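Asks: let me see the structure of the following:
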Amino acid sequence: MVNNSDRTFFIQLILWTTANGISMISTSALIIAIARSPKVRNVSFNVYLIFSILPDAYKNTSGFFSNLANLLMPNGSPKACTVIGWNDSYWWCANLWMSCIVFGHLHELLLANKNAKRHEPPEMSRVLKESIFVQVFAMVMASLTLIPVDWIPKATALSGCEAYPEDGKTGQHIFYWVFFMPVTFLFPTLWVTILGLDIWWRELLPINGKSRSLLFYFMRLLLVIYVVTFAVIISFLFGGWVQAIAFVVFNLLGFFSVCLSLLKKDIMSCWRQMWSCQVIDDVVIYDDTSPGVENRTQRRRHVSTVFVFH
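Replies: Numbering: from 1, shown residues only. Presented below is the predicted three-dimensional model:
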C-alpha cells in the first residue's frame, strides 16, 4: 500500500506516471509504424527491433495504469506494486537478452566482413524463435518473484515497487545476487561486453558502409541500457529523490530507445509515413546487412484520403 497523503511521494508518483505515459505512446507508435510497412518488417534486424521494443511497450502501458491506480486511490492499489515489480523484472531480462542476441549477430556480420565473406542475415524463422524464447524466458524469471516463499524478494511500496531483497533477510540476498541478477543481468551484459571488446581489439569496425551504421545504431541502444542499469543500481543503493529520479529515467528508457531507433533510415521513413498518413507502395528493399550490398529502395508514395466530419 502507498501513502498518497505524503505530498513528496505524490509528486514522485505523478512523475513516474508521466514518464510511463510518454514511453507507452512512443513505443506503441513505433511498433505500429514498423508493423504496418510490409517491406520494413520483413528485414530481420527490424523484427529484432520490434521484439526489443515490445517489453518497453508492455512495461510502460501496464506501469502507467498501475501508477494511475495508485494516484486515484487514497491508499493506492493493493496489487499495483506487485504488477510493477513483475513488469520491471520481465522488462529487464527481456531487454538485455534481446540485446545480447542482436549484438551476437552483429559480431558475426563484422567478422564475415573482415574476412571478406558474404554474410547472410538470420532467417525470419530463426529471428522469431529466438525472440519468442527470450520473451517466454523473461516471463518465467519475472514470475519467480510471485512465488509465496520468504527467501524470494517481493515488490513492495517500501522497496519502490521493485523486487529487491529486504534488509536482514539473508535468503533473499543469496537468491537475488547469486541467481536472479546473474541470470537476468550479469550474463548477457558480460557477453555483450566481451563481444564489444573483441570488435575493438580485432578492429572489426569498417571505415564506412552499412555495417558500421547498423552496428552504431544498436550500440546506441545498448548504451541506453547501460545508463539505465546505472540508474537501477542507484535506485537500489539510495532512497528519497535520488531513487525517484532514477525511476523516472528507468521509465523513460522506452522513449529514449525510440529516439535512437529513428536514426535508422528505414525506421524513420515508416515513422514519418505513419504520422503523415502516407503509404509506400512497391518498395524494393535489398538486404543491406551483407558487405558490398547497397540498400536500394524504389518508392511510390501516395497520401491516404482523409475524411473530415464537421
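Asks: and the helices in the stretch 151-300 of the chain?
Replies: Under the criterion DSSP state H, counting those that start in this stretch, the stretch 151-300 of the chain contains helices at 170-174, 181, 187-201, 210-237, 240-251, 253-261, 265-275.
Asks: hey, which of these is tucked in deepest?
Replies: helix 253-261 (a mean of 22; mean count of other C-beta atoms under 10 Å). For the C-beta atoms, the positions are set from N, CA and C on the backbone; glycine is no exception.
Asks: how far is that helix from where the chain is centred?
Replies: Offset of helix 253-261 from its chain centre (C-alpha atoms, centre = their mean, to the nearest Å): 8 Å.
Asks: and for stretch 30-50?
Replies: Using C-alpha atoms, centre = their mean, the offset of stretch 30-50 from its chain centre is 15 Å.
Asks: tell me the angle of the longest helix seen in the chain relative to helix 240-251?
Replies: Ranked by residue count and defined by DSSP state H, the top helix of the chain is helix 80-114. Relative orientation of helix 80-114 and helix 240-251, computed by axes from the mean of the first three to the mean of the last three C-alpha atoms, to 10 degrees: 50 degrees.
Asks: and the next element down the chain from helix 80-114?
Replies: On the C-terminal side of helix 80-114, the closest following helix or strand by DSSP states H and E is helix 124-143.
Asks: now the angle from that next one to helix 80-114?
Replies: With the same axes, to 10 degrees applied, the angle from helix 124-143 to helix 80-114 works out at 150 degrees.
Asks: in CSV, could you pull the C-alpha coordinates for helix 124-143?
Replies: Presented in CSV, the C-alpha positions along helix 124-143 are these (Å, rounded to 0.1, in the frame of the first residue of the first chain):
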residue,chain,number,x,y,z
MET,A,124,12.9,-15.0,-40.3
SER,A,125,12.1,-18.3,-38.6
ARG,A,126,15.2,-18.1,-36.5
VAL,A,127,14.5,-14.5,-35.6
LEU,A,128,11.0,-15.4,-34.4
LYS,A,129,12.2,-18.5,-32.5
GLU,A,130,15.0,-16.6,-30.7
SER,A,131,12.8,-13.6,-29.9
ILE,A,132,9.8,-15.6,-28.6
PHE,A,133,12.1,-17.8,-26.5
VAL,A,134,13.6,-14.7,-24.8
GLN,A,135,10.2,-13.3,-24.1
VAL,A,136,9.0,-16.5,-22.5
PHE,A,137,12.2,-16.9,-20.6
ALA,A,138,11.9,-13.4,-19.2
MET,A,139,8.3,-14.0,-18.2
VAL,A,140,9.3,-17.1,-16.3
MET,A,141,12.1,-15.3,-14.5
ALA,A,142,9.8,-12.4,-13.5
SER,A,143,7.2,-14.9,-12.3
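Asks: can you name every helix or strand that the strand or helix carrying L15 contacts?
Replies: Element membership of L15 [criterion: DSSP H and E] is helix 7-35. With contacts taken as 3 or more C-beta pairs under 8 Å, 6 or more residues apart in numbering; DSSP states H and E, helix 7-35 sits against helix 38-41, helix 44-72, helix 240-251, helix 253-261, helix 265-275.
Asks: could I get those as CSV with distance to W191 and mean pLDDT?
Replies: Listed next are those as CSV, based on distance: least, C-beta to C-beta, whole Å; pLDDT from 0 to 100:
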stretch, distance to W191, mean pLDDT
helix 38-41, 27, 86
helix 44-72, 16, 86
helix 240-251, 23, 82
helix 253-261, 20, 86
helix 265-275, 26, 86
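Asks: flag the shaky bits of the chain, pLDDT-wise.
Replies: Across the chain, residues meeting the criterion (pLDDT under 70) sit at 1-6, 74-78, 157-160, 206-221, 224-225, 228, 279-310.
Asks: okay, buried residues for the longest helix of the chain please.
Replies: 80-103, 105-107, 109-110, 112-114 (16 or more other C-beta atoms under 10 Å).
Asks: fine by me, we can end here.
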